[in-house]
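A.B. asks: kindly return the folded structure for what I paste below:
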Amino acid sequence: KDTSTTDPYRLYNLDVFEYELWNPMALYASIPFMMGHSAKGSVGLFWLNAAEGFIDIKKDGQGLLGSVSSMFSAKTEKQVDTFWMFESGIMDMFIMMGPTPKDISRQYGSLTGNTPLPQEFAIAYHQCRWNYNDQEDVNMVEAKFDEHDIPMDVMWLDIEHTDGKKYFTWDSRKFPDSVAMIENLSSHGRKLVTIVDPHIKKDSGYWVHNDLSSKGLYVKNQDGGDYEGWCWPGASYYPDFLNAEARDYFAEQYKLSVYKGSTLDCYTWNDMNEPSVFNGPEVTMAKDKMHGEVEHRDMHNMYGMLYTMATHKGHLIRSENTLRPFVLTRSAYAGSQRYAAIWTGDNTAEWGHLEASIPMCLSLSIAGMGFCGADIGGFFGNPDGELFVRWYQAAAFQPFFRSHAHIDTKRREPWLYSAGEMALIRTAVRSRYALLPLWYTLFYEQEQDGTPPMRPLWYEFPEDEGSYAKEGSHMVGSSLLVAPVLTKGSTQVNVYFPGSTLWYDIWSHQKLDVSGSMNYAAPYEKIPVFQRGGTIIPRRERVRRSAALMHDDPITLVVAPDKEGKASGTLYLDDGKSFAYQQGAKLYMQFTWDNGKMESKMISPPGMSTPVWLERVLVLGSAPPPGQVATVSSPLLTSSAQASYDYTTQVLTVRRPGVKLDMEWTIRV
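C.D. replies: You can find the predicted model right below:
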């Protein structure tokens, strides 16, 4: 947005209580990267500087990014210019010439790193609040999800689970047998996440404090003494994570022999890592504090990233480099994507915050933080049933999918709402689980080329100028257009259909030959989501209680032909948890459809076998087939499968082709 009449955008990581919307104020993450785009090309600018910064945006001026992007446009065209200002540091800039948005993402990823492929559970549904009261409460909530047939993969514990806000400990009265609690979750394919914040309680009986103090690993005052601030435990000290020794010490604390009561199925939430200092200036660390010879002012915005580096390393150490880490961070800088997912912080149970979750996640995605999401229902306040349902429906199509709430809010597990609202929430969550194969494939592809799973419309349709200013909708990969309900009482959404392709309603399978804006029905039970013509998406229709229990289930392929009767898509499979895929233990395949012929070809050599097989093929908007039999060919057999046609929905279905997905095959209808 133009800042000619407002404050500039401020890059300074802060813990902001009940933050304002549509405001250039500082927030939890600061990534000094910007992408400029026109129909003629894209350009990116990354300024490597972790000090406090400001970016002023002007229309028709002559700033840094504008002078570069003018290479792509004539002087008579409207231009957006940016002016970059930092308190300290050097001019260390990287310019990315594109020419497409996807090229910019690839180039930026080559500089700062791409998001590594997470474990499958991490892209499923997470249940959190500050705080679940005790071990019995955790067990009850987990059992209720099964009772009400709502999938769930991860339970979360906030700061109250610890012994007096001392991290890597448990309150033994509330959690007398945390290992048994975690193992109960594990038996159902689920995980636990516990919070570990960077502030360390001043307590002579706390080994972490004593070790960091004796080793001289805390941030220092100007006089060389340890810097003391105030946070959840009261008097607190802050590790100097710029020091590799401090990071290594913190990583060692995640060993199961040190973090007693944890298991390999217990993962980590790094909160308050801006860092938050309740009695500090602007609720953060004063700029004159020292990290060795470096003033805090020069590296403030990377403190949170350095902390997640330590946690990420700790996860690797404790599993002997066999399991992919999962870390959630609130604070971030360029490169944080290599270590942690992110959420949009302490939002509020208001419709405006639901609306804002989309541009906030899209901005993070473009800036490399593709594993992002917002607290479902809002952290502060108590959402009514309508807001809660609509938020679940929207969040099911965002990368990180978690419900979270403040300690002073009413309990808000889905079954505490009306039976009808709970049923709609169940439907939304199950819709996410059905699409986990698509999400997992997108996360794998993000690691390869930097393209985020959640994308603005213009990112996929860079020449469609009508899409540039459209907000409130987004793409999932290149195949799904999502247009959530963002206002109270709405039963329709104005949807902008970019490009000139066909679109298919994923719920009704109705074919739409439309471009531009149109009002589309959005009854309470669903939000508008459309599959792009020319794409094939993988689904798992047998939704179970957790992602792990669906891992070997069969795949359904949904084919949405374009105007020429063609479509393509990809699917990625591996063990869902380890690093074996980096040594080739994976399956990555491409499907193509061409007017009655479907083929599966391996993009990379198959490196594993799998029991996963193809259950069905759905071809949307199809003409009736010439017969009721499809011919199936693979290296092992030639057989036939049943083909049926629904004249009402115009969907052709090939049932049980009988092919496994670790081989190439052809189906002809």
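A.B. asks: let's verify the residue lying closest to Thr441 once chain neighbours are set aside: helix, strand, or coil?
C.D. replies: Ranked by C-beta to C-beta, 6 or more residues apart in numbering and with sequence neighbours excluded, the top spatial neighbour of Thr441 is Tyr572, at 4.3 Å. Quick note: C-beta positions are derived from backbone N, CA and C, even for glycine. Assigned with DSSP: H, G, I helix; E, B strand; the rest coil, Tyr572 falls in the strand class.
A.B. asks: these two touch, right, Tyr572 and Gln446?
C.D. replies: No - Tyr572 is beyond contact range of Gln446, at 10.8 Å (criterion: C-beta atoms under 8 Å).
A.B. asks: pick out whichever of the two has more residues nearby.
C.D. replies: The neighbour count for Tyr572 versus Gln446, taken as other C-beta atoms under 10 Å, is higher for Gln446 (25 against 22).
A.B. asks: was I right about that one contacting Pro452?
C.D. replies: Yes - shown here, Gln446 and Pro452 form a contact pair, counting by C-beta under 8 Å, at 6.0 Å.
A.B. asks: shared neighbours of those two, which are they?
C.D. replies: Residues touching both Gln446 and Pro452 (C-beta atoms under 8 Å, 6 or more residues apart in numbering): Thr115, Gly370.
A.B. asks: can you tell me how far Cys248 is from Arg324?
C.D. replies: I think there's a mix-up here, since residue 248 is Asp and not Cys. Applying C-beta to C-beta, to the nearest Å, the value for Asp248 to Arg324 is 20 Å.
A.B. asks: the more surrounded of the two?
C.D. replies: Legend: neighbour count by other C-beta under 10 Å for Asp248 and Arg324, higher for Arg324 (21 against 14).
A.B. asks: show me what contacts the more buried one?
C.D. replies: By C-beta under 8 Å, 6+ apart, the contact set of Arg324 is Pro116, Leu117, Pro118, Gln119, Lys577, Ser578, Phe579.
A.B. asks: let's have those in a markdown table, adding neighbour count and pLDDT.
C.D. replies: Rendered in a markdown table, the data for the contacts of Arg324 read as follows (neighbours: other C-beta atoms under 10 Å; pLDDT from 0 to 100):
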| residue | neighbour count | pLDDT |
| --- | --- | --- |
| Pro116 | 18 | 98 |
| Leu117 | 23 | 98 |
| Pro118 | 23 | 98 |
| Gln119 | 21 | 98 |
| Lys577 | 19 | 98 |
| Ser578 | 16 | 98 |
| Phe579 | 17 | 98 |
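A.B. asks: closest to Ile104 among these?
C.D. replies: Pro116 (20.1 Å; C-beta to C-beta).
A.B. asks: who's in contact with the closest one?
C.D. replies: Arg324, Arg338, Glu447.
A.B. asks: can you tell me which of those residues is nearest Val493?
C.D. replies: Closest approach to Val493 among these (C-beta to C-beta): Glu447, at 32.4 Å.
A.B. asks: kindly provide the distance from the closest one to Tyr440.
C.D. replies: 11 Å.
A.B. asks: what residues are up against the closest residue to Met93 other than its chain neighbours?
C.D. replies: Distances taken as C-beta to C-beta, 6+ apart place Trp47 nearest to Met93, at 5.2 Å, with adjacent residues excluded. Contacts for Trp47 were tallied using C-beta under 8 Å, 6+ apart; they are Pro32, Phe33, Gly53, Trp84, Phe86, Met91, Asp92, Met93, Phe94.
A.B. asks: re the thing from before, more neighbours, Glu447 and Tyr440?
C.D. replies: More neighbours surround Tyr440 than the other of Glu447 and Tyr440, with 25 against 19 (other C-beta under 10 Å).
A.B. asks: what about the more buried one, which helix or strand?
C.D. replies: In the assignment (DSSP states H and E), Tyr440 maps to helix 436-449.
A.B. asks: quick one: contacts of that helix?
C.D. replies: Residues outside helix 436-449 that contact it (C-beta under 8 Å, 6+ apart): 102, 105-106, 109, 114-118, 120, 123-124, 370-371, 399, 432, 451-453, 476-477, 479-480, 537-540, 547, 550, 555, 570-572, 576, 588.
A.B. asks: tell me the mean pLDDT for that helix?
C.D. replies: The average pLDDT within helix 436-449 is 98.
A.B. asks: one more: stretch 164-171?
C.D. replies: Here stretch 164-171 scores 98 as its mean pLDDT.
A.B. asks: with stretch 260-277 instead?
C.D. replies: Averaged across stretch 260-277, pLDDT comes to 98.
A.B. asks: show me which residues of that stretch are buried.
C.D. replies: Residues 261-263, 265-277 are the ones in stretch 260-277 that count as buried (16 or more other C-beta atoms under 10 Å).
A.B. asks: kindly report the same for stretch 319-338.
C.D. replies: For stretch 319-338, burial by neighbour count (16+ other C-beta under 10 Å) applies to 319, 323-338.
A.B. asks: Asp2: what's it in contact with?
C.D. replies: By C-beta under 8 Å, 6+ apart, the contact set of Asp2 is Ile57, Lys58, Lys59, Val80.
A.B. asks: kindly report the same for Pro484.
C.D. replies: Applying C-beta under 8 Å, 6+ apart, we find Pro484 in contact with Leu354, Ile358, Arg390, Gln393, Ala394, Phe397, Gly472, Ser473, Val493, Ile527.
A.B. asks: now it: which helix or strand?
C.D. replies: Going by DSSP H and E, Pro484 is not in any helix or strand.
A.B. asks: least confident of the contacts of Trp47?
C.D. replies: Within the contacts of Trp47, Met91 has the lowest pLDDT, namely 93.
A.B. asks: gap between the two ends of stretch 337-357?
C.D. replies: One end of stretch 337-357 sits 19 Å from the other (C-alpha to C-alpha, to the nearest Å).
A.B. asks: kindly format the C-alpha coordinates of stretch 417-437 as PDB.
C.D. replies: Coordinates of each C-alpha in stretch 417-437 appear next as PDB, following Å, rounded to 0.1, in the frame of the first residue of the first chain:
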ATOM      1  CA  TYR A 417     -20.600 -25.600  19.700                       C
ATOM      2  CA  SER A 418     -24.000 -26.700  18.400                       C
ATOM      3  CA  ALA A 419     -24.400 -30.100  16.800                       C
ATOM      4  CA  GLY A 420     -24.900 -28.400  13.400                       C
ATOM      5  CA  GLU A 421     -21.800 -26.200  13.800                       C
ATOM      6  CA  MET A 422     -19.700 -29.100  14.900                       C
ATOM      7  CA  ALA A 423     -20.800 -31.100  11.900                       C
ATOM      8  CA  LEU A 424     -19.600 -28.200   9.600                       C
ATOM      9  CA  ILE A 425     -16.300 -28.000  11.400                       C
ATOM     10  CA  ARG A 426     -15.900 -31.800  11.000                       C
ATOM     11  CA  THR A 427     -16.600 -31.500   7.300                       C
ATOM     12  CA  ALA A 428     -14.000 -28.700   7.000                       C
ATOM     13  CA  VAL A 429     -11.300 -30.700   8.800                       C
ATOM     14  CA  ARG A 430     -12.000 -33.800   6.800                       C
ATOM     15  CA  SER A 431     -11.700 -31.800   3.600                       C
ATOM     16  CA  ARG A 432      -8.200 -31.000   4.600                       C
ATOM     17  CA  TYR A 433      -7.300 -34.600   5.300                       C
ATOM     18  CA  ALA A 434      -8.700 -35.700   1.900                       C
ATOM     19  CA  LEU A 435      -6.300 -33.300   0.200                       C
ATOM     20  CA  LEU A 436      -3.200 -34.200   2.300                       C
ATOM     21  CA  PRO A 437      -1.600 -35.900  -0.800                       C
END
